[in-house]
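A.B. asks: sequence and predicted structure, then a few things I'm wondering about:
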There are 2 protein chains.
Amino acid sequence: MVIATSQENSEIQRVCPHNQEISCGNCRLGSICLPIALESSDIVKLDEIVQRGRPMQKGEHLYREGDVFTAVYAVRSGAIKAYRLTGDGQEQVTGFYFPGEIIGMDGISKNKYANSAKALETSAICEIPFHRLEELSTAIPSMQRHFFQLMSQEITTDQQLITLLSKNSAEERIAALLISISARNARRKLSRTNFRLPMSRTDIGNFLGLTVETVSRVISRFNKQGLIAVESKEINLLDLDRLKEIADAKVEF
Amino acid sequence: MVIATSQENSEIQRVCPHNQEISCGNCRLGSICLPIALESSDIVKLDEIVQRGRPMQKGEHLYREGDVFTAVYAVRSGAIKAYRLTGDGQEQVTGFYFPGEIIGMDGISKNKYANSAKALETSAICEIPFHRLEELSTAIPSMQRHFFQLMSQEITTDQQLITLLSKNSAEERIAALLISISARNARRKLSRTNFRLPMSRTDIGNFLGLTVETVSRVISRFNKQGLIAVESKEINLLDLDRLKEIADAKVEF
DNA sequence: CGCCGAACTTGATCTAGGTCATAGCTGGAA
DNA sequence: TTCCAGCTATGACCTAGATCAAGTTCGGCG
């Protein structure tokens, strides 16, 4: 796959992988990404294995279901959706990933990715070759610990989604998704209440087990009730407390 | 890798939980439990940290949601259900665990179990203290690798359940569960077609996002159609192929 | 700027599965 | 052995959300 190291069009980071300015040590996502709790000497080691400068265009795939597993990825900017296709070709969205979050761990067990990962908008990605990460984890116990924790967290968020899908109404599911995105924005020091949904209504439906029509209707209803203000993908959470009440199960997937 | 020492293929192990002879080295579940692909010298090390002889009665809890996380557990015999309570006190079953399977990995991320685990019948459990497992993983790379794989597998099976819950009908969900249990029995060299369901219809419903009534109705229907023969918890899969067709998504959770 | 397909909205109808109600089992305790 | 609580089964009904069917708006491109 040609992701161009040279023509880094983005004004933001013309990231040469060796550019000293971007590193795990100075990445402002550090605290929510891998390096948490690492010694600075360890961060240097991590830095050495991370491949940066991999800007992806909207719609481009990071990997596809069935591809041989080689690396996990950290989202640096943008948004990624993970999905798998069912037997009859329907799409099941298994997660949305925002900056600071790690994707691809599902590929470890079978040495093949179990999901496809696709950019919802222009995104910058850090690639972390898994065999190097394994070596590092053996050498640095806190690294191993942190990676165990990341995987465990993926398990618990998947289980929260399971609960949401099997017990909650359409309104509850959508409120929970909005609250989840809001909380993750807050972690990244962004607005808790005003943001742009990077995914389509169809994606939301495929994630929450609803049809587009239902998603659209519920969002319209929330809008009318003054819980939110929507204008296409721009969304403004007007009554966070009430939304939390509706979502109730304090979701954080 | 060699698991078979002496008393292998004994149809049913007359395992006394306190029997000193039980070790990871001679456990006939070895190949599907942790020790896969370990050197025999490594198995000895694993053996040293595993606490055996923890027979549990039906209904007894292995741990509860919120308990501080100390260990993961391998099911040696019996069956365990994992579940969490929703805000309003409903039960969401997140998994059923059979001999050779590992439970408790959800606790790593927050250092607290995210689920409760309860014996569905008399069960024997191996306790694996996590801090020891971490040390061992640092020392033995293949151990680390295997544990990464186990966690990754938990992620992919959870994602399969997500797909099942969001896309499939009641009949498809129940067929998928039956096929899943059948396949896991086969791994343990037990009958693919005749077995006893250790969980109640209510548990099945809580796992599959259905009410008891629906579970009961679908099972009755399958019975009438000659796909299965049920007598309370004893079940006989008469038409495995047709059931697989109904389940379609080749589930293996 | 204007075009076109894709994404979104909204309404009308249909249905799988939930809810409620009843009754028959079943298995463990005494 | 009897008893009782909790399972299981089955019928009658009802609703949340799917499906079908128009529009309408958006956003990317020539």
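C.D. replies: Yep, it's here. Residues are numbered from 1 along each chain as shown, chains lettered A, B, ... in the order given.

A.B. asks: make it CA atoms for all contacts and neighbour counts henceforth
C.D. replies: Noted.

A.B. asks: how many neighbouring residues does A:Val75 have?
C.D. replies: Counted with other C-alpha atoms under 10 Å in any protein chain shown, the neighbours of A:Val75 add up to 21.

A.B. asks: work out for me the element it sits within.
C.D. replies: Secondary structure assignment for A:Val75, by DSSP states H and E: strand A:71-77.

A.B. asks: what about the residue nearest to A:Leu29 when sequence neighbours are not counted, how many residues close to it?
C.D. replies: For A:Leu29, ignoring the flanking residues on the chain, the nearest one in space by C-alpha to C-alpha, 6 or more residues apart in numbering or on different chains is A:Gly100 at 5.3 Å. Neighbourhood size, A:Gly100 [other C-alpha under 10 Å]: 24.

A.B. asks: can you check A:Ile235 too?
C.D. replies: There are 17 residues near A:Ile235, going by other C-alpha under 10 Å.

A.B. asks: per-residue pLDDT of it, please?
C.D. replies: Model confidence at A:Ile235, given as pLDDT, is 95.

A.B. asks: just the buried positions in the helix or strand harbouring it, please.
C.D. replies: Here A:Ile235 sits within strand A:234-237, counting by DSSP H and E. Neighbour counts over strand A:234-237 (16 or more other C-alpha atoms under 10 Å in any protein chain shown) mark A:235-237 as buried.

A.B. asks: please apply the same query to stretch A:213-232.
C.D. replies: Buried, per 16+ other C-alpha under 10 Å, within stretch A:213-232: A:214-215, A:218-219, A:222-223, A:227-230.

A.B. asks: now stretch A:200-217
C.D. replies: For stretch A:200-217, by 16+ other C-alpha under 10 Å, it's A:201-212, A:214-215.

A.B. asks: quick one, phi/psi of the closest residue to A:Thr122 other than its chain neighbours?
C.D. replies: Sequence neighbours aside, A:Gln57 is the residue nearest to A:Thr122 in space, at 4.5 Å (criterion: C-alpha to C-alpha, 6+ apart). When read as degrees, to the nearest 10, the backbone of A:Gln57 gives phi -80, psi 160.

A.B. asks: what sits against A:Gln57?
C.D. replies: For A:Gln57, the contact set (C-alpha atoms under 8 Å, 6 or more residues apart in numbering or on different chains) comprises A:119, A:121-123.

A.B. asks: ranges for the strands of chain A?
C.D. replies: Secondary structure of chain A (DSSP state E): strands at A:61-63, A:71-77, A:80-85, A:91-97, A:102-103, A:116-119, A:124-129, A:194-196, A:228-231, A:234-237.

A.B. asks: any chance of the ones you listed in JSON lines with distance to A:Val44 as columns?
C.D. replies: Putting these into JSON lines (distance: least, C-alpha to C-alpha, whole Å) gives the following:
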{"stretch": "strand A:61-63", "distance to A:Val44": "25"}
{"stretch": "strand A:71-77", "distance to A:Val44": "17"}
{"stretch": "strand A:80-85", "distance to A:Val44": "27"}
{"stretch": "strand A:91-97", "distance to A:Val44": "25"}
{"stretch": "strand A:102-103", "distance to A:Val44": "19"}
{"stretch": "strand A:116-119", "distance to A:Val44": "28"}
{"stretch": "strand A:124-129", "distance to A:Val44": "14"}
{"stretch": "strand A:194-196", "distance to A:Val44": "34"}
{"stretch": "strand A:228-231", "distance to A:Val44": "43"}
{"stretch": "strand A:234-237", "distance to A:Val44": "39"}
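
A.B. asks: about what we covered before: list just the nearest of the buried residues of strand A:234-237 to B:Glu172.
C.D. replies: Comparing the buried residues of strand A:234-237 against B:Glu172 with C-alpha to C-alpha places A:Ile235 closest, at 36.6 Å.

A.B. asks: my guess is the closest one contacts A:Ala229. True?
C.D. replies: Yes - using C-alpha atoms under 8 Å, A:Ile235 is in contact with A:Ala229, at 5.9 Å.

A.B. asks: quick one: contacts for A:Tyr63?
C.D. replies: Counting by C-alpha under 8 Å, 6+ apart, A:Tyr63 has contacts A:113, A:116-118.

A.B. asks: now tabulate the residues you listed in JSON lines and tack on pLDDT and distance to DNA strand D.
C.D. replies: Formatted as JSON lines, the entries for these read as follows, by pLDDT from 0 to 100; distance: C-alpha to the nearest atom of the strand, whole Å:
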{"residue": "A:Tyr113", "pLDDT": "97", "distance to DNA strand D": "27"}
{"residue": "A:Ser116", "pLDDT": "96", "distance to DNA strand D": "21"}
{"residue": "A:Ala117", "pLDDT": "96", "distance to DNA strand D": "19"}
{"residue": "A:Lys118", "pLDDT": "95", "distance to DNA strand D": "15"}
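
A.B. asks: nearest to DNA strand C, of these?
C.D. replies: Comparing those against DNA strand C with C-alpha to the nearest atom of the strand picks out A:Lys118 as the nearest, at 13.0 Å.

A.B. asks: what count of nearby residues applies to the residue nearest to the closest one when sequence neighbours are not counted?
C.D. replies: Leaving aside its chain neighbours, A:Lys118 sits nearest to A:His61 (4.3 Å; criterion: C-alpha to C-alpha, 6+ apart). A:His61 has 17 neighbours, counted by other C-alpha under 10 Å.
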